[in-house]
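1. Sequence and predicted structure below; questions after.
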Amino acid sequence: MVKRKNMGTYLLLVLPASILFFIFHTIPALMGIFYSFTDWNGLRPTYKIVGFVNYLNVFKDKDVLGAYLFTFKFAIVTTILVNILSLAIALALNSNIKFKNFFKGLYFMPYILSMLIVAYIFNYFFANFWIDMMGYLGIEKWMVNPLGNEKGSWLAIVFVTVWQSAAFNTVLYLAGLQTISEDLYEASALDGANKWKEFWGITFPMIAPFFTINMVLSLKGFLQVFDQILALTGGGPFGVTRSIAFLIYKNGFSGNEFAFQSANAVIYFVVIVAISFIQLRYLQKRELNL
Amino acid sequence: MMKKPLSLAIALVLILSTLSACGGNKDASGSKKEEASGGDKKVKIEFFQYKSEAVATYDALIKKFEAANPGIDIVQTNVPEAATVLKTRIAKGDVPDIISVGGDAQFEDLSRNGVLADLTNYPGQANVIENYKKTLQLITGSEKLYGVPFAANANGIIYNKDEFKALGLSVPTTKDEMDKVLATIKAAGKVPFHLAFKDAWTALPAWNVFVADLQPATFYADRKAGKTTFAAGHKELMAQYVEFMQNGQEGDRFADGYNDANAKFAKGSSVMYLQGVWAIPEILKANPDIKLGVFPYPLTNDKSKNFLVSGVDVLFALSASSKAPEEATKFIDFMMQTDNAQQYINEQKSFSAIKDVFQNDEVYADLKPAFEEGRVADFPDHYINGMALDVIIQELMQKKNVDDALKKMDEEYDKLANR
């Protein structure tokens, strides 16, 4: 228990943050929920309350449906790829290799760069080097800028996102790997387990909580994908890479659909909370079973 | 365990730093009002303008203005995605004092929703060419003027004069002549147009001319009255437009965006380029030695129907909620002075909306007849506000399915009409 005389210090630490959080996060969120029940277009000085009309229309809108499909496709594929890749990198970095710290630093580099900067660099990469590279390799079919291509653009976004975000998950996995006691590996080595068995029998179960948090954080983050879309494709070509967050921003402000997209945002918020909750429940149960 | 004095000290430092951060912000936003109301302090006027090409030109003019008006501090704001940024700022009640946009759908939104002050009785309007004032009234559907037209653009075909000379070509004025030009360029193994469909809107300048030249004269009125559809009225011109747009570079036409294409055309990737005159400063930046010309799209064999599409490229508007409208108006007055307007159009290679200020650049020699004969039309896409036309046309450029595109236009039109 916290001793009473320390209470003041704890309050001092907690209060400013919660006040700031309330002012800059909770109040705007509540306002957004309020506007979702109005017909405000984002510019007009007046508006009236229209009830659930916006919510009903969200389910009928083709753009919203398209954005949901794209976002889920993107988030699921990216989450799986990021976790496989970062776990592999973490395992490699945790083994006895030379220049270990140098490589740790190197693999963390992409995360230091802002997503926007990464995206602009890759924008250039895809528009120029990619086409030359494919020409050099003689793959004529792929000599197009994937960002401007109906079928390739989402894969290009996945690629850039994996490249940038694997770094953070790698660090979490590395932290997890370092909590495993060497004794366990020594014991398994004595029992004659090979590396593959060792991974599934010791390493993976021992980092289960880290796997859970990585899966939940990545999926939640990728469901909210925004920066890379804005910088790489702007939702294009012809809207096939519009994520939900991007659609809310773009149509909410420049499409005069402020109230409608607020309703979309509220629904999306509920969806993400529900998914994260189910994911946590399921994965934590799995942790116990391992 | 941390000792108590130390933890307390850290807590205090943290609190102070957050508080001072807030305080700093407050100062920054609060000072504007304070300065605006104070008499001898500097009045800060925010000038929000949407043309990234014009930042340096405005900077120079602002410097000149501030030298003459030491009490006023003009702060230029130019951001990418200006339309969206401006709307987010208006949504939270942070409206710039002077707003400079084009005569387009966004201007319609702003004026219809009471964001802009009524400038109908602004004295400077007397110096503006009547036609451009009428354009603004058509766009907003109101007799009132919510902005002062300042500069106009022209949407023609930009061509490389040296390439034309080398191929022995002269500027085409009819469709037949244009077909010959295209055939000659292709026969010489060169590219007629460098296309940049990665940015959805880059196909729109040409679309606007096809509609302006070829659509039935009463199309928009009929569409509004429900007497026609895009599928019926635009079918033929859309097919011609798609065919015309096939004269692009080999390979991927979705690889480049607007900026890439400007640079590539400047380095000679194609003989002609389908962009409005606003692209010229950018092209010259990439290659100062290139010799450019512009001619109106020759889409029919009847020369009198080959319009030059020209719209209000820059207008100045005042925020209805500006704290310092007088100072802001002073800056608009300054910009409207003939010498400053001349400097602007010279540097930006655009046309003035102000009487007696002429664009004499030799780049525009081929446009002169159209201006003199009044063969000038407004941008048709300015009249279908809110439609995601760029996305529909971009898809059309990829799939070449005219019926599908027209169906989508009709759907979007009805969706907007029902809102």
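-> Sure, I can see it.
2. Show me the shaky parts of the chain.
-> Because you didn't say which chain, this covers chain A. Counting by pLDDT under 70, chain A contains low-confidence ranges at A:1-4, A:290.
3. Let me rephrase: I mean chain B.
-> Counting by pLDDT under 70, chain B contains low-confidence residues at B:1-40, B:385, B:419.
4. Now do the strands in it.
-> Under the criterion DSSP state E, strands of chain B are mapped to B:43-49, B:72-77, B:98-101, B:148-152, B:157-160, B:272-273, B:292-295, B:308-309, B:312-318, B:351-352, B:376-377.
5. OK, contacts around the residue of the stretch 151-300 of chain B at minimum distance from chain A?
-> Among the residues of the stretch 151-300 of chain B, B:Phe254 lies nearest to chain A; the distance is 3.0 Å by Cβ to the nearest Cβ. All C-beta spots, glycine's among them, are computed from the backbone N, C-alpha and C. For B:Phe254, the contacting residues are A:Val144, A:Asn145, A:Gly148, A:Asn149, A:Pro237, B:Phe197, B:Lys198, B:Gln398, by Cβ atoms under 8 Å, 6 or more residues apart in numbering or on different chains.
6. which ones are touching the nearest residue to A:Gly152 once chain neighbours are set aside?
-> In this structure, A:Gly152 finds its nearest non-sequential neighbour in A:Pro146, 3.4 Å apart by Cβ to Cβ, 6 or more residues apart in numbering or on different chains. For A:Pro146, the contact set (Cβ under 8 Å, 6+ apart) comprises A:Phe126, A:Trp130, A:Gly152, A:Ser153, A:Leu155, A:Ala156.
7. In helices, which of the contacts of B:Phe254 fall?
-> B:Gln398 (DSSP state H).
8. Dump the contacts of B:Phe254 into TSV; add distance to B:Lys87 and neighbour count as well.
-> Formatted as TSV, the contacts of B:Phe254 follow (distance: Cβ to Cβ, whole Å; neighbours: other Cβ atoms under 10 Å in any protein chain shown):
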residue	distance to B:Lys87	neighbour count
A:Val144	33	20
A:Asn145	29	27
A:Gly148	26	27
A:Asn149	30	22
A:Pro237	24	26
B:Phe197	26	27
B:Lys198	24	29
B:Gln398	29	15
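9. Show me the two of the contacts of B:Phe254 that sit farthest apart.
-> Based on Cβ to Cβ, the longest span within those runs between A:Asn145 and B:Gln398 and measures 12.7 Å.
10. Buried subset of the contacts of A:Pro146, written for ChimeraX?
-> The buried residues among the contacts of A:Pro146 can be selected in ChimeraX (16 or more other Cβ atoms under 10 Å in any protein chain shown) with this line:
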select /A:126,130,152,153,156
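11. B:Leu110: what's it in contact with?
-> Contacts for B:Leu110 (Cβ under 8 Å, 6+ apart) come out as A:Leu43, B:Ile90, B:Ile99, B:Val101, B:Leu116, B:Tyr146, B:Ala317.
12. can you do 7 Å?
-> Shown in contact with B:Leu110 (Cβ atoms under 7 Å, 6 or more residues apart in numbering or on different chains): A:Leu43, B:Ile99, B:Leu116.
13. same deal with B:Asp176?
-> By Cβ under 7 Å, 6+ apart, B:Asp176 lies in contact with B:Asn301.
14. Spell out which parts of chain B neighbour chain A.
-> For chain B, the residues in contact with chain A (Cβ under 7 Å from any Cβ of the partner chain) are B:7-8, B:11, B:15, B:18, B:83-84, B:87-88, B:90-91, B:109-110, B:113-115, B:197-198, B:200, B:251-252, B:254-256, B:260, B:386, B:391, B:394-395, B:398.
15. Just the buried subset of those residues, please.
-> B:7-8, B:11, B:83-84, B:87-88, B:90-91, B:109-110, B:113, B:115, B:197-198, B:200, B:252, B:254-256, B:260, B:386, B:391, B:394-395.
16. Next step: these restricted to helices.
-> Per DSSP H, these map to helices at B:7-8, B:11, B:83-84, B:87-88, B:90-91, B:109-110, B:260, B:391, B:394-395.
17. quick one, phi/psi of the residue of the stretch 151-300 of chain B closest to chain A?
-> Torsion angles at B:Phe254 (phi, psi; degrees, to the nearest 10) stand at phi -100, psi 10.
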